[in-house]
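In: I would like the atomic coordinates for the input below:
(2 chains)
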Amino acid sequence: AQKITQTQPGMFVQEKEAVTLDCTYDTSDPSYGLFWYKQPSSGEMIFLIYQGSYDQQNATEGRYSLNFQKARKSANLVISASQLGDSAMYFCAMREYQGGKLIFGQGTELSVKP
Amino acid sequence: EAQVTQNPRYLITVTGKKLTVTCSQNMNHEYMSWYRQDPGLGLRQIYYSMNVEVTDKGDVPEGYKVSRKEKRNFPLILESPSPNQTSLYFCASSPREGLNYGYTFGSGTRLTVV
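Out: Predicted coordinates:
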């Protein structure tokens, strides 16, 4: 069965430091997409980054990069040079080719300290 | 501006009083979906629709109804709300089913059933 696991309920990071949010997934479908979303305290869901299962290189979007290790079924989000505005809940999600559903992990709450 | 519009943003209602949460998208997306978000459980899919007049149950459909009479609209109906339906609800849309299309989310509806 498809599953996304985020094992860090909460994390702290010092401003300007880098932080890694963990995500592991389970699927039997060889074709899938992996996504990260940010949810600030205001509640909206903001798309951050996407990685396809056949992509050879790790995805990057500005200060966000996705450390994709296919054999280990992990898709960790790396945020470089953390900012106070990065404090939010972060969700890892997966979408399989055969279905439209986006499956979410439980989320990691990131707090950036000044 | 491309967006998914949900209304209302906040709603407090009483047990048993029928309510509808509206959702509209202006991106001509085929795929639309409703999720509920509860602490510790992440986001769970309630219903989804792959196109007009095509809807199907997600993981937690009990107590909810949907319809897709037009491509842009996908309302969520609670015929007889109960306190366990108190949650944060998201409508989302996507160009089509498939692994590399992320979702665009509405701003969310915070529902309280007393």
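In: in what helix or strand does the residue nearest to the spatial centre of chain B lie?
Out: Computing the C-alpha centroid of chain B and ranking residues by Cα atoms, centre = their mean puts residue B:34 first, at 2.8 Å. According to DSSP states H and E, residue B:34 maps onto strand B:31-38.
In: and chain B, which residues reach chain A?
Out: Contact residues, chain B versus chain A (Cβ under 8 Å from any Cβ of the partner chain): B:31, B:33, B:35, B:40-45, B:48, B:50, B:58, B:88, B:90, B:92, B:94, B:96-105, B:107-108, B:110. C-beta coordinates here come from the backbone N, C-alpha and C atoms, glycine included.
In: Just the buried subset of those residues, please.
Out: Among those, those classed as buried by 16 or more other Cβ atoms under 10 Å in any protein chain shown are B:31, B:33, B:35, B:42-45, B:48, B:50, B:58, B:88, B:90, B:92, B:94, B:97-105, B:107-108.
In: Report the distance from the longest strand belonging to chain B to the chain centre.
Out: In chain B, assigned by DSSP state E, the strand with the most residues is strand B:42-51. From the chain centre to the centre of strand B:42-51 is a distance of 7 Å (Cα atoms, centre = their mean, to the nearest Å).
In: ok, which stretches of chain B are strands?
Out: Listed from the start of the chain, chain B has strands (DSSP E) covering B:4-7, B:10-13, B:19-25, B:31-38, B:42-51, B:54-57, B:65-66, B:76-78, B:87-94, B:104-105, B:109-113.
In: Residue B:32 is in contact with residue B:23, isn't it?
Out: Yes: if you go by Cβ atoms under 8 Å, residue B:32 and residue B:23 touch, sitting 7.0 Å apart.
In: Which of these two has more residues huddled nearby?
Out: Counted by other Cβ atoms under 10 Å in any protein chain shown, residue B:32 and residue B:23 do not tie: residue B:32 has more neighbours, with 28 against 25.
In: Low-confidence regions, the chain specifically.
Out: Assuming you mean chain A. Scanning chain A for pLDDT under 70 picks out the ranges A:97-99.
In: should've been chain B
Out: By pLDDT under 70, the weakly predicted segments of chain B are B:97-100.
In: Who are the packing partners of the strand holding residue B:34?
Out: Taking 3 or more Cβ pairs under 8 Å, 6 or more residues apart in numbering or on different chains; DSSP states H and E as contact, the helices and strands that strand B:31-38 lies on are strand B:19-25, strand B:42-51, strand B:87-94.
In: at 10 Å instead, please
Out: Helices and strands touching strand B:31-38, by 3 or more Cβ pairs under 10 Å, 6 or more residues apart in numbering or on different chains; DSSP states H and E, are strand A:102-104, strand B:19-25, strand B:42-51, strand B:54-57, strand B:65-66, strand B:87-94, strand B:104-105, strand B:109-113.
In: The fifth one: how far from the chain's middle?
Out: A distance of 9 Å separates the C-alpha centroid of strand B:65-66 from that of its chain, computed with Cα atoms, centre = their mean.
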